[in-house]
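**Q** Structure for this input, please:
(2 chains)
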Amino acid sequence: MDILLILIPVAIGLGAVFATLFVLAARSGQFEDLDDPGTRILHDD
Amino acid sequence: MEAPATGRCPHCDASVLSPTDTFCCSGCEVAWALVHEAGLEAWYERREVPGQRPEGLSGAWDAVEPRRAADGSCEVSLVVDGLRCASCTWVVERLLERADGVERATVSYATGRTRVVFDPARTDVRNLAQVIADVGYSPRPLDAPAPSDDLLGRLGIAAFCTANLMLLSASLYAGWADGMEARFQALFRWGSLALATPIAMYAAAPFFQGAWRGLQVRAVGMDVPIALAVSVLYVHGGLQTLAGAEGYLDSLGMLVTLLLAGRVLEKRGRRAAAEASAAIAAALPVSARRRTVRGVEDVLVAALVPGDIVEVGAGEEVPADGAVVDGRAAVQMAMVTGETEPVDAGPGTALVAGASVISGSVGLRVEHVGADTVAMRMADAVREASSRPLPPNPVDRLAPAFTVGVLALAGVAGLVWALLAGPSRGIEVAVAVLVVACPCALGLSVPLAVASGLGAIARRGVVLRDGAQLLTLADARTLAMDKTGTVTGGQPVVLGASDDVLQLASALERSSRHPVARALLAESERRGLPLALPEWVEEVPGVGIRGRVSGRSLVLRSGGPGAVLLEEEGRPLGLVRLGDRPRDDARAAIALLERAGLHTVLLSGDHPEVTSRIAEAVGVQEARGGLTPEAKSEALAAQPGPVVFVGDGLNDGAALAAADVGLSMHSGVTSSLLIADGVVTQAALRPVVAAVAGARATRDTVRANVTRSLVYNAVAVGAAALGFVNPLVAAVLMPLSSALVIAGALSVDRRLAALEASWTSS
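**A** Residues are numbered from 1 along each chain as shown, chains lettered A, B, ... in the order given. Here you go, the predicted model:
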C-alpha cells in the first residue's frame, strides 16, 4: 500500500496540470464564443 | 470592372428602375465597387441571401470610447445588424481587416458582435463603423465589455479541487468506520488541506471581494455570509488538520463550487440577453442640405439654426423639427407615431427629426434642432426612466437577517455551553453552528432558479435582460400592448383585390419602397402572379404613382381610408383594400393572459375607432386610441401595477421604460428596440404568455428553494446549538440541502408547462 503515498500526489499533480491549462484557456477567452468557430471553417481564405 | 445589366441589382437583388440601369441606387453601386476593390467578389457567389442597400451611417459614434490596451492599440465592440449568412460575417471581417489601421477583426454570426483591434493613430471608431455601413450592414455601438472576472477559470479550479477533496474525504470517512493506518490518515488530511487552499484563496476570491464592497457601503448581501462560511470552514479545517483531527474540508469545496456554478450560469444568461438588446442612440441624420442665396449647400445638422430652410428628398431622413414651406412628399413618421402608413406632407405640415421621406421632396423651415427636437426629448425621457434602480433580489434582502441570526445564535450557544461545560466546549459549539449554517442552499436558490427560468422562456421566444425583471414579471397585474406591430403585424396587408387589378398595381409598384408597395408585391407573390416590367413609372407625391405597364397608362392613387384605387386614363379599374391585420395568435394569447389573471389593455397612437375595432377583434379588456408617446406612459402609470408593456417602435420607448417590465417585439425590419427589458424574438404574442408562465414558475421555485434552505438551516443550526451535531451528519446534510435546491431549479420548466396547461384548459 506504500505506493499510495507516491501515486496519490502524482495523480493530483497531473490533474493540477490540466486544471491550470483550463484556467489559461478560460483566461484567453476560448470559452467566450462557442458557436462561431464552427462556421469559420467554411471560410477558405 | 463593370457589372452586367441584368434587370436586377447585383448587390441587393432588387429589380432596377429602368432596364438600362445596372444598380437600383448609387448606394448599392458604391457597395459593389467596395467589395470588388477589396478583392472579395467571391462573396457574391457564396452568399445565401442578397445584400442590403446601404442606408448610411447613423448613431453617436463620436461618443464611443474604445478600450485602450497596454501596447497602444485600441479595441472596440460593436453589434452589426443584417448579418444573414456565414458569408456576411466573412465579408465584414475581411473588409475591416483590409481597412487602414485595423489589426484584427472578428464578427460573431450568432450575435452580430464584432470586435475590432485597431491603431488609434491611423483610424477611429467612426471610420470603422463607416466601413461596415458602406456595404449595407448596420453597425451599432455596444457598451464597453465589462472587465473579465475570470469566473470560469475559478470554477474549473474549484471543481477540480473539490472532486479530489471528495475522493480523499470519502476515504477518510470509510477509514473512520474500518480503521486506517495513521500515516495514510495524515496524508489524506494534509492532502485535503492542500486542495482546499486554492479553493479558499483563489476560487472564492469573488465572494470576498463582493463582501468587502458590500461592507464598505454598509450593505450585507449574500456575499457576506458566504465569505464568512468560507473563512470559518477553512480556518476550522486547518486547525483540525494541525491537531490531527477531521477537517471536513470537502464541504468547503462543495460550497464554493456550487456557488460559482450558479454565478457563471447567471452571468452567461445576463450577457446573452444584453447582447440581444444592446442600447442604441436615436438615429438622427448627421448632415443636411441647406438652401442659401447661391443654391444648396451640405452642412452638419449641428450647424443648423431655427429659421434655416433645408431640403429633404426621397430616401432621406428629416434632420430637424420644422414645418414644410414648399414641395410635397410621402413621409413616414413611424418613429413618433408608430404608424408605418406614410402621411402626405405639403406646405404647412409639421415634420419631426428622424421621420423618413419615402417619395417626393420638400423644403422645410427649421424650428427646433438637436436637443430640442421631439426625438431627442423622447430619448432623454427614456434615459431618465431607465436609470431607476432595480428591485433587490429577495435573497439579498434575507441575507442580513440570516448572517446576523447565525452569528447571534453561535454567540449565544457558545456562551451558554461555556457556562455549562467550560470554555473549550463553548468554542466547539459556536464553531459547529457556524460550520453547519450553510449559506450554500440559500445562495444558490435564486441564481439557479432564475437562470433556469430565463433559459426556459428564452427557448419559448422571450429574452429577458435581467433576472430581477423575471421576478417583477411574475407579480405583474396589468399587461398593456401597443397596437401596430405588436398586436397586429405592423405592415399593411392586402385584404381584398381582384387578380388583374393586383397584378397591374403591383407591376407599377415593383420598385417602390412604400409599405403599400410591399403589401401588393407580397400578395402578388403569394398568388403567383407574374409581373410585367413597367415601361416607365413616376411617383407623384400626394397623389400616388403613375406609369405605363404593357402599353396601358395607369395611375394608382388613394381610394379612401384603407384602400388604393387603380385607374386607366381616368377610368377606375378597381380597388385594392389594405389593412393591418391582428397577428394570427393574438386572440388566443390574450385569452390566456386574461385567464392568468392579467388586466389586458391596448394603447395606440392610431385613431380611437381603428383601435377599438382591433381591440374587439382580439378581445382585450380595455382600449385607448389616439395617444401620444407621453400619454402612453401616463396611461401606464394609471393601471394597477406592476405593469408589463409590450411595444415595438422607438415611439414606444418612453412607455417601455416607464413600465415595470418593457418587452419589445423584434421586427426584422428595424431592430430598433433597445431600451426594453426584454425582446420577444418571434413575430407572435404567444411567447409573452410563456414568459408570464415562466416568470411565475420561477417565482414559485425561488420561494420553494428559499423555504427548503431555511428549513435545513433551522434544523441543522438548532441541532448544532444544542450540541447534537456529529460532523459526519453535517457532511451529509450540507450537500443534501444543495441537491434539493438544484432539483428545485430544474423543475422550473415543468412548472411552466403545468401553469400554461392550467390556463389553456380552464
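**Q** quick one: pLDDT of the residue nearest the centre of chain A?
**A** Geometric centre of chain A, nearest residue: A:Phe22, 3.6 Å, by Cα atoms, centre = their mean. Looking at A:Phe22, its pLDDT is 92.
**Q** out of everything not next to it in sequence, what's closest to it?
**A** B:Gly156 (4.3 Å; Cβ to Cβ, 6 or more residues apart in numbering or on different chains). For every residue, glycine as well, the C-beta is placed using N, CA and C.
**Q** Tell me who's in contact with that neighbour.
**A** By Cβ atoms under 8 Å, 6 or more residues apart in numbering or on different chains, B:Gly156 lies in contact with A:Ala19, A:Phe22, A:Val23, A:Ala26.
**Q** now do B:Val92
**A** B:Val92 makes contact with B:Val80, B:Leu83, B:Ala105, B:Val107, B:Thr114, B:Ile132, B:Val135, B:Tyr137, according to Cβ under 8 Å, 6+ apart.
**Q** shaky segments in the stretch 201-350 of chain B?
**A** Filtered on pLDDT under 70, the stretch 201-350 of chain B yields the residue ranges B:221, B:266, B:268-287, B:300, B:302, B:334-341.
**Q** any chance you could map the helices in it?
**A** With DSSP state H, counting those that start in this stretch, the ranges of helices along the stretch 201-350 of chain B come out as B:205-216, B:223-242, B:249-276, B:334-337.
**Q** Which single helix of chain A contains the most residues?
**A** helix A:3-27 (DSSP state H).
**Q** show me what contacts the residue nearest to the centre of chain A?
**A** B:Gly153, B:Gly156, B:Phe160.
**Q** ok, the first one - contacts?
**A** With Cβ under 8 Å, 6+ apart as the criterion, the residues that contact B:Gly153 are A:Phe22, A:Val23, A:Ala26, A:Arg27.
**Q** What subset of those residues is buried?
**A** Using 16 or more other Cβ atoms under 10 Å in any protein chain shown as the burial test, the contacts of B:Gly153 include A:Phe22, A:Val23, A:Ala26 as buried.
**Q** so the second one makes contact with B:Leu155?
**A** No: here A:Val23 lies out of contact with B:Leu155, judged by Cβ atoms under 8 Å, at a distance of 9.8 Å.
**Q** May I ask which helix or strand of chain A has the lowest mean pLDDT?
**A** Least confident helix or strand of chain A, by mean pLDDT, DSSP states H and E, is helix A:37-40 with a mean of 70.
**Q** any low-confidence regions in the stretch 451-600 of chain B?
**A** B:465, B:513, B:541-542, B:559-561.
**Q** Need the contacts of A:Phe22 in TSV (columns: pLDDT and secondary structure).
**A** Listed next are the contacts of A:Phe22 as TSV, based on pLDDT from 0 to 100; DSSP: H, G, I helix; E, B strand; the rest coil:
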residue	pLDDT	secondary structure
B:Gly153	91	helix
B:Gly156	93	helix
B:Phe160	95	helix
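**Q** Dump the residues you listed into a markdown table; add distance to B:Arg213 as well.
**A** Formatted as a markdown table, those follow (distance: Cβ to Cβ, whole Å):
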| residue | distance to B:Arg213 |
| --- | --- |
| B:Gly153 | 21 |
| B:Gly156 | 24 |
| B:Phe160 | 28 |
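**Q** out of the residues you listed, who's nearest B:Ala693?
**A** B:Gly156 (35.2 Å; Cβ to Cβ).
**Q** shouldn't B:Met44 be in contact with B:Val35?
**A** I think there's a mix-up here, since residue B:44 is Tyr and not Met. Yes: look at B:Tyr44 against B:Val35 with Cβ under 8 Å: they come within range, at 7.3 Å.
**Q** Give me the neighbour count for the closest residue to chain A within the stretch 401-550 of chain B.
**A** As assessed by Cβ to the nearest Cβ, chain A sits closest to B:Ala458 within the stretch 401-550 of chain B, at 14.6 Å. B:Ala458: 22 surrounding residues under other Cβ atoms under 10 Å in any protein chain shown.
**Q** which SS class is it?
**A** Under DSSP: H, G, I helix; E, B strand; the rest coil, the three-state class of B:Ala458 is helix.
**Q** how far away is it from B:Arg613?
**A** As for B:Ala458, its distance to B:Arg613 is 34 Å (criterion: Cβ to Cβ, to the nearest Å).
**Q** hang on, B:Ile742 packs against B:Leu444?
**A** Yes: counting by Cβ under 8 Å, B:Leu444 is a contact partner of B:Ile742 at 7.1 Å.
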